[in-house]
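S.K.: What would the 3D arrangement of this be:
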Amino acid sequence: MSFIAQEKLNSLSSEEKLNFILKEVKKGHILVLESGLTAEEQAKLIEMTMEDIGDGFVGIEMESYMEEKKGFWQKLFGKRNRMTIVGPADKLKTIYRDKEVIKTIIKAG
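M.R.: This is a model prediction of the structure:
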């Protein structure tokens with residue numbers, strides 16, 4: 001399992017970030033992203049994953065906490081995930097999720 005700092009993710013463009021995540025997940029790594037992904041980035045990552053399923057890659061499992069938005073500008077620009085967990089679908093299984101807790105099972109293999 002790798003914990004990826006916000007600074008690392010912020011230093012990458014959106015495309016670079018998604019390619020980095022997909023490359024690591026294809027290697028079988030589970031990533032905990034400190035700053036999470038936007039809704040658009042999550043959708044694009046799912047799209048990229050669907051294009052690559054097959055040849056031993058079974059897809060991804062992804063869960064996020066949503067950031068609470070209170071100010072005008074924050075409401076205008078929408079919610080951003082404050083943490084995201086991403087891993088291979090055959091190794092990471094979410095068993096419970098609410099706004100404060102994500103429980104997962106990590107399978108060996």
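
S.K.: Show me what the mean pLDDT comes to for stretch 23-34.
M.R.: When pLDDT is averaged along stretch 23-34, the result is 91.

S.K.: whoops, stretch 102-109 was the one
M.R.: Averaging pLDDT along stretch 102-109 yields 79.

S.K.: Give me the buried stretch members for it, please.
M.R.: I102, T104 (16 or more other Cβ atoms under 10 Å). From N, CA and C alone the C-beta is placed, and that goes for glycine too.

S.K.: quick one, phi/psi of A43?
M.R.: Phi and psi for A43, reported as degrees, to the nearest 10, are phi -60, psi -40.

S.K.: That one - how many residues pack around it?
M.R.: Close neighbours of A43, defined as other Cβ atoms under 10 Å, add up to 11.

S.K.: same deal with N10?
M.R.: When counting by other Cβ under 10 Å, one arrives at 10 neighbours for N10.

S.K.: distance of it from M62?
M.R.: Distance, N10 to M62, by Cβ to Cβ, to the nearest Å: 19 Å.
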